[in-house]
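Asks: Here's my sequence, what's the structure:
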Amino acid sequence: MNKMRYFIVDAFADKPFGGNPAGVVLLRDDPFPDEGLMVQIAAELRYSETAFVRQLSPTEYHVRYFTPKAEVELCGHATIATFSLLHSLGLASGRCLCHTLAGDLCIEVGESVMMQMATPRIVKTINDTDEIYRALGLDGHRPELPVQVAYSGLSDIIIPIPDVDILNNLHPDMEAVSALTAKHEAVSFHVFALATDALTPFHIPTFMAYVRDFAPLYGIPEESATGTANAALTHYLAVNNVIPNQGDFAFLQGETMGRPSIVATRITPGGTLYVGGTAVIVGEGKIL
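Replies: Okay, the predicted model is just below:
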């Protein structure tokens with residue numbers, strides 16, 4: 001217990017109080033605490049996710065992720081926070097291996113962190129979209145792009161919106177969003193509007209799209225940066241021929257929350273999907 005240090009890290013940010021905050025509990029080579037205790041610590045820190053990290057070797061780590069309610073398989077922003085912290089402390093650099101419940105992931109660690117995602121796929125297309133858009137307050141909307149559940153470690157419902165003004169003024173019915181998220185066995189409504197000059201296929205702007213993410217089913221009404229969901233969105237855009245099937249992309253999230261976040265993604269020539277960015281340590285302490 002004396003070795004349990006915790007940190008507050010803003011992921012997908014280049015200055016404090018931007019991006020998405022995560023708790024990171026550094027265990028070094030000590031075993032994981034009791035699962036119930038990890039839930040209690042996550043609840044005390046009050047962030048959407050807290051990562052507990054054990055170092056197995058100079059380049060190998062085991063990370064577990066907890067919301068204030070339960071353990072989850074993977075969390076993108078908490079992973080970026082974790083390895084940015086490890087790099088800042090001189091504990092990680094270069095190509096590292098991260099063991100998670102979602103599988104073993106390759107992490108490229110430097111001034112920015114890029115995290116390999118699970119093999120992405122389109123889980124299904126939602127043909128009856130009326131109840132999806134009704135839950136967002138857009139009754140009767142008919143999108144040009146499909147509404148699909150996409151997976152990149154977690155499943156998210158990817159939902160296109162006509163423009164950024166409509167996106168920024170959404171007022172979702174959180175009960176309906178929760179029910180539909182559960183119905184489609186997903187984590188969130190990941191809602192996006194393409195940047196204006198991204199409407200021509202393969203014309204990549206500074207930001208590919210503006211996004212908002214709603215996950216009330218898991219106690220998160222809205223999240224300011226979501227690594228896994230933006231990775232899923234990247235795969236969705238490639239599958240639907242909005243972007244090429246390789247290259248570097250970026251998404252802007254969190255503006256409506258006052259925490260603008262830049263989420264970078266990459267599709268390698270071999271089709272491997274990465275997500276990442278920079279992070280800032282804003283606080284630390286000790287679990288007593």
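
Asks: what number of residues lie near Lys3?
Replies: Lys3 has 11 neighbours, counted by other CB atoms under 10 Å. In this view, the C-beta of every residue, glycine as well, is placed from N, C-alpha and C.

Asks: what helix or strand is it on?
Replies: Using DSSP states H and E, Lys3 is not contained in any helix or strand.

Asks: so where's the stretch 51-200 of the chain uncertain?
Replies: 197-200 (pLDDT under 70).

Asks: mind listing the helices in it by residue range?
Replies: 76-88, 130-135, 164-168, 174-183 (DSSP state H, counting those that start in this stretch).

Asks: Can you add distance to Phe189 and give the ones you listed back as TSV?
Replies: Formatted as TSV, the helices of the stretch 51-200 of the chain follow (distance: least, CB to CB, whole Å):
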stretch	distance to Phe189
helix 76-88	16
helix 130-135	8
helix 164-168	12
helix 174-183	5
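
Asks: Distance to Gly227 and mean neighbour count for these - can I get that in TSV?
Replies: Output for these, formatted as TSV (distance: least, CB to CB, whole Å; neighbours: other CB atoms under 10 Å):
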stretch	distance to Gly227	mean neighbour count
helix 76-88	2	28
helix 130-135	23	17
helix 164-168	19	15
helix 174-183	18	16
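
Asks: Nearest to Leu252 among the ones you listed would be which one?
Replies: Comparison of the helices of the stretch 51-200 of the chain against Leu252 by CB to CB identifies helix 164-168 as nearest, at 9.2 Å.

Asks: Identify the residues contacting the closest one?
Replies: Leu138, Ile161, Val191, Phe192, Ala193, Ala195, Tyr210, Val211, Arg212, Glu255, Thr256 (CB atoms under 8 Å, 6 or more residues apart in numbering).

Asks: Show me how to select, in ChimeraX, the buried members of these.
Replies: With 16 or more other CB atoms under 10 Å as the criterion, this ChimeraX line picks the buried residues out of these:
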select :138,161,191,192,193,195,210,211,212,255
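
Asks: Just give me the closest of the contacts of helix 164-168 to Pro68.
Replies: Arg212 (21.4 Å).

Asks: Now do the strands in the stretch 51-200 of the chain.
Replies: With strands called from DSSP state E, counting those that start in this stretch, the stretch 51-200 of the chain shows them at 60-66, 71-72, 94-100, 103-109, 113-116, 121-125, 148-151, 155-160, 188-194.

Asks: Tell me which strands the fifth one pairs with, and in which orientation.
Replies: In the sheet containing strand 113-116, the strands it pairs with under DSSP bridges are strand 103-109 (antiparallel), strand 273-277 (antiparallel).

Asks: Now distance to Thr265 and mean neighbour count too, for those strands, in JSON lines please.
Replies: Converted to JSON lines, the strands paired with strand 113-116 look like this (distance: least, CB to CB, whole Å; neighbours: other CB under 10 Å):
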{"stretch": "strand 103-109", "distance to Thr265": "13", "mean neighbour count": "18"}
{"stretch": "strand 273-277", "distance to Thr265": "5", "mean neighbour count": "26"}
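
Asks: ok, now how distant is Asn20 from Val109?
Replies: Distance of Asn20 to Val109, computed by CB to CB, to the nearest Å: 19 Å.

Asks: Likewise for His99?
Replies: In terms of CB to CB, His99 sits 15 Å off from Val109.

Asks: How about Met174?
Replies: 36 Å.

Asks: same deal with Val72?
Replies: Distance from Val72 to Val109, by CB to CB: 22 Å.

Asks: Likewise for Pro120?
Replies: 22 Å.

Asks: Glu131 too?
Replies: 42 Å.

Asks: can you give me the offset of stretch 213-225 from its chain's centre?
Replies: 11 Å (CA atoms, centre = their mean, to the nearest Å).

Asks: Just put the strands of the stretch 51-200 of the chain in TSV and tack on distance to Leu86.
Replies: Output for the strands of the stretch 51-200 of the chain, formatted as TSV (distance: least, CB to CB, whole Å):
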stretch	distance to Leu86
strand 60-66	7
strand 71-72	20
strand 94-100	8
strand 103-109	7
strand 113-116	9
strand 121-125	30
strand 148-151	27
strand 155-160	27
strand 188-194	27
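
Asks: I'd assumed Thr228 was in a helix, is it?
Replies: Yes: counting by DSSP: H, G, I helix; E, B strand; the rest coil, Thr228 is located in a helix.

Asks: show me what contacts the nearest residue to it once chain neighbours are set aside?
Replies: Of all residues beyond its chain neighbours, the one nearest Thr228 is Gly76 (4.3 Å), with distances taken as CB to CB, 6 or more residues apart in numbering. Contact analysis of Gly76 by CB under 8 Å, 6+ apart lists Met115, Met117, Gly153, Thr226, Gly227, Thr228, Ala229, Asn230, Ala231, Val275.
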